[in-house]
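Asker: Pasted the sequence and its predicted model underneath.
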Amino acid sequence: MNKEEIIRELRFKSVRSSGAGGQHVNKVATKVVLQFALEDSKALNEEEKILIKAKLRNRLNKDQQLVLHSDTTRSQSRNKALVTQQFLKLITEALKKKKIRKKTSRSRASIEKRLSDKRKAAEKKQSRQKPKL
């Protein structure tokens, strides 16, 4: 994955932020919407696209586009940097391969400890019972 190539493929759109605000919020477009067309990407190979599609299937729209937005700050450039950073983090996490778990067996000491504890518990319960006549 080449980050610079992927960043060149991103499309940004600025829109007005929602929510409460004063006169300033009604005339300035500080919210940044990022769009990434997964199918059209030349920076990712087919294997990476399949992996991303599988891991981010809930975040992709019907056109196989990943859409993120940021309206955290009042600065458009800062919001653009934040949404780009969020996008790169999302993509790198999606491309991480799951670590294969190696099956291990219990140690002899742990098996013996479990059996001795079991024996002690059985003896304790046996001693609580009324004596047989």
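Answerer: Received the coordinates, thanks. Note that the coordinates shown come from a computational prediction; the quantities given were computed from them, not determined experimentally.
Asker: hey, let's count contacts and neighbours off CA atoms from now on
Answerer: Fine.
Asker: Check the gap between residue 20 and residue 26 for me.
Answerer: To residue 26, residue 20 is 10 Å away according to C-alpha to C-alpha, to the nearest Å.
Asker: ugh, wrong one, I meant residue 8
Answerer: From residue 8 over to residue 26 the distance is 30 Å, taken as C-alpha to C-alpha.
Asker: Compare those two (neighbour count), which wins?
Answerer: Using other C-alpha atoms under 10 Å, the more surrounded residue of residue 8 and residue 26 is residue 26, with 12 against 9.
Asker: How many residues are close by the residue nearest to the more buried one when sequence neighbours are not counted?
Answerer: What sits nearest to residue 26 in space, not counting adjacent residues and going by C-alpha to C-alpha, 6 or more residues apart in numbering, is residue 16, at 7.1 Å. Residue 16 has 14 neighbours, counted by other C-alpha under 10 Å.
Asker: Model confidence at residue 16, what's the number?
Answerer: pLDDT recorded at residue 16 is 85.
Asker: Surely it is in contact with residue 24?
Answerer: No. Assessed by C-alpha atoms under 8 Å, residue 16 is found out of contact with residue 24, at 10.3 Å.
Asker: what's the helix or strand for the residue nearest to residue 52 when sequence neighbours are not counted?
Answerer: Nearest non-adjacent residue to residue 52, counting by C-alpha to C-alpha, 6+ apart: residue 94, 5.5 Å away. Residue 94 belongs to helix 76-95 when assigned by DSSP states H and E.
Asker: packing partners for that helix?
Answerer: Counting contacts by 3 or more C-alpha pairs under 8 Å, 6 or more residues apart in numbering; DSSP states H and E, helix 76-95 packs against strand 31-37, helix 46-55, strand 65-70.
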